[in-house]
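Colleague: Whatever this is, show me its structure:
(chains A and B)
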Amino acid sequence: MNDRPKVVSRFTQPMRGLLHRFAYFGLVAAAFGLMMLGKVDALLMDRLRVHVVDVVAPIMDALSRPAAAVHNVVVKSREVARLHEENVRLRAELDTLRQWETVARRFEVENESLKTLLQWAPPPEAKFVTARVIADTGGAFVHSMIVDAGERYGIRRGQAVMSGEGLAGRIAAVGGRSARLLLLTDLNSRLPIMVERTGTRAIAAGDNTSVLRLVYLSDGGEVAPGDRIVTSGHGGVFPPGLPVGVVISVADNGVLVRPFVDRARLEFVRVVEFGLSGILDMPPLPRKEQLGRRRAAAAPAPGSEGGGGQ
Amino acid sequence: MKPSLGQQLDTLARRLFPSAVTLFLVLLAAIPLHIPGFARVAPILALIGIYHWTLYRPDLMPARAVFLIGLLQDIVGGGPLGLYTTVFVIAYGITMSQARFFSGKGFVVLWAGFAAVALAATVLAWLIAAFMEGELFDVGAPLLQWILTVGIFPALSRLFLRWQPVLPTTV
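Modeller: Residues are numbered from 1 along each chain as shown, chains lettered A, B, ... in the order given. Here you go, the predicted structure:
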C-alpha cells in the first residue's frame, strides 16, 4: 500500500523530465523561429517591436533621468573648471566668426538677388520636434537609440535626427510615444554624401564602429583628411548639405569619416521633417539574398542602390 | 486553511520577483550613461539574473521566463529579433545542465562558471549576428562586453543573495 506513491513518482519523474526537456527544446525552436520570422518580415516585426517599446518607454524615461542629471553635473563642473580658458577661446572664435558674418551677409544678399533672377522655387520648410534619448541600446551588434517622441508628435519613419553638431541618424521605427533612431554608425545605415570641398559623391556606410566608411566613391574623386562630409541629398530622404563628419584617414582600404555627432553626448535631439518623401516610402527593398536572386533574373531597379534606406 | 487573496497576491509577487528583476535589468542596461564608447560594450545584465536564479532558485526562473527576458532584450536592443532570445535560452540550458555540479560550491566557482557561460553566450551571439547580418563583426566589442559582464557579476549576485529571503520557500 505504502509503496504506491513511490511507484507513481518513479513513473512520473522521468516523464516530467521528458516533458520539461520537450518544453525546453520547444522554446529553443521558437527562438530560432523568431529569428527566421524577423528575417522574412522585418517590417512587421519592427512594428510589433515598437509597440512593446511604447509600453516600457515611460519606465526607461524615468530610469534615464538620474543618469542624465549626473552627466549634466559632470559636464557643468568640467565647464566651470575651464571657464577662463574657454572664454579666451571663445573670444578668438568670435573674432573669426565676425569676419564670417560679414561674408555671410554679403552672400545672403547676393543669393537673394540671384534667386529672384532665376525664379527659384524654395524647398519646403523644415519642421522639427525635440526629443530626449531614453535608451542607448544595442550593444555590439546594433547602433540604435530610443527617443521619447513618437507618432503623436508627428514623427515618421525616415526623418532625419540631428543634434547641434550635425546629423545623428534617421528614424527607423515609430511607435505612439517612442521611436527608434538608427545611428549613422549602424551596420545597416547607408547615407548618400558628398565631400563639401570637391563635391565628390559617395555613400557613407556604418560598420558598427565609431567611424563611417566611404564606399562607392566615384573614380578619381578627390578626398583628403580634414575634408568636411555633408549629405548629398541623393535618394531624396535628406536635403543636401547637412553636416555629417570629417575625413580622418584616406588609405587604400578605404576612407574613414568621424561623425560630428558623438553618441555618448546625445541627450536631446531634433527630429526634422524636411518635407521630402524620398525613397523610404517605397516598398521595402528586398534583403540581400533575395536581391541577389532578383539581380540574376533582371537588372536592378534604378535607385535601389545607395538610398538612405537599409 | 485557504490563504486570503492578499496572501495569494503576496506569494505571487514573491514568485515573480526573480523574473521581474531580470526583466528590469534589461531596461537598466539600456540607460544612456553618456560615457564615450560605453554603449557598444554595455554589460548584458540580464544574463547575470538568469544565471544566478537558475542556480539558486530554478523553480522561480523557468525556461519560458528566460524566453521572455530574451525577447525583451531583443525588442529593446533593436538587433536581429530572436538573437538574445536564443542566446539566453541556450545559456539557461547550459547552466541548468551543470546545476548539480554547482550546488554547494563556493562563490568563486560560481563566478568562474558564470564567466564560462557568459563566454559561450557571447560567442553564440556573435555567431548568430554574423549569420543574420552576413557580416563578420569586430570581436573587440563583444569581448570587452563579456569582460564587463563578468566583472559586474559579483556585485549583482551578492545583491540578489541579500534579497533571497524575500522569495517564497520551496514547496
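Colleague: just the helices in chain B please.
Modeller: Secondary structure of chain B by DSSP state H: the helices cover B:5-28, B:45-56, B:63-77, B:83-97, B:99-102, B:107-133, B:140-163.
Colleague: How many neighbouring residues does residue 73 have?
Modeller: Unless you meant another one, I'm taking chain A. Residue A:73 is surrounded by 10 other residues when neighbours are defined as other CB atoms under 10 Å in any protein chain shown. C-beta coordinates here come from the backbone N, C-alpha and C atoms, glycine included.
Colleague: actually chain B
Modeller: Residue B:73 is flanked by 28 other residues according to other CB under 10 Å.
Colleague: How about stretch A:125-142 and chain B, touching?
Modeller: Yes: part of stretch A:125-142 sits close enough to chain B to count as contact by CB under 8 Å from any CB of the partner chain, namely A:133-142.
Colleague: do stretch A:71-85 as well
Modeller: Yes: shown here: stretch A:71-85 in contact with chain B (CB under 8 Å from any CB) through residue A:71.
Colleague: Let me see the residues that make contact with that stretch.
Modeller: The contact list for stretch A:71-85, computed with CB atoms under 8 Å, 6 or more residues apart in numbering or on different chains, reads A:86, A:267, B:33-34.
Colleague: In JSON lines, list the residues you listed along with pLDDT.
Modeller: Formatted as JSON lines, the entries for the contacts of stretch A:71-85 read as follows, by pLDDT from 0 to 100:
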{"residue": "A:86", "pLDDT": "89"}
{"residue": "A:267", "pLDDT": "86"}
{"residue": "B:33", "pLDDT": "84"}
{"residue": "B:34", "pLDDT": "82"}
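Colleague: Would you point out the most distant pair within the residues you listed?
Modeller: With CB to CB as the measure, no two of these lie farther apart than A:86 and B:33, at 24.7 Å.
Colleague: who's in contact with the closest residue to residue B:115 other than its chain neighbours?
Modeller: If the residues on either side of it in the chain are set aside, residue B:115 comes closest to residue B:150, at 4.7 Å by CB to CB, 6 or more residues apart in numbering or on different chains. By CB under 8 Å, 6+ apart, the contact set of residue B:150 is B:111, B:114-115, B:118.
Colleague: continuing past the helix or strand encompassing residue A:104, what's the next helix or strand?
Modeller: Secondary-structure assignment from DSSP states H and E places residue A:104 in helix A:83-118. Read in the C-terminal direction, the helix or strand following helix A:83-118 is strand A:127-137, with elements assigned using DSSP H and E.
Colleague: That following strand pairs with which strands?
Modeller: Strand pairing for strand A:127-137, using DSSP bridges, gives strand A:144-147 (antiparallel), strand A:268-273 (antiparallel).
Colleague: now what about the shortest one, what contacts it?
Modeller: This means strand A:144-147. Under the criterion CB under 8 Å, 6+ apart, residues A:53, A:57, A:60, A:131-138, A:161, A:169, A:172, A:178-183, A:186, A:263, A:266, A:269, A:271, B:30, B:32, B:76-78 lie in contact with strand A:144-147.
Colleague: Show the average pLDDT along stretch A:242-257.
Modeller: pLDDT averaged over stretch A:242-257 equals 88, rounded to a whole number.
Colleague: My error: substitute stretch B:65-77 in the last question.
Modeller: On average, stretch B:65-77 scores 91.
Colleague: check whether that stretch contacts chain A.
Modeller: Yes: Stretch B:65-77 reaches chain A (CB under 8 Å from any CB) through B:66-67, B:70-72, B:74-77.
Colleague: What is the nearest of the residues you listed to residue A:151?
Modeller: Scanning those for proximity to residue A:151, where the rule is CB to CB, the winner is residue B:75, at 17.8 Å.
Colleague: Does that closest one touch residue A:52 like I think?
Modeller: Yes: assessed by CB atoms under 8 Å, residue B:75 is found in contact with residue A:52 at 4.8 Å.
Colleague: Looking at those two, which one has more neighbours?
Modeller: residue B:75 (23 against 15).
Colleague: mind listing what that one touches?
Modeller: Contact analysis of residue B:75 by CB under 8 Å, 6+ apart lists A:49, A:52-53, B:81.
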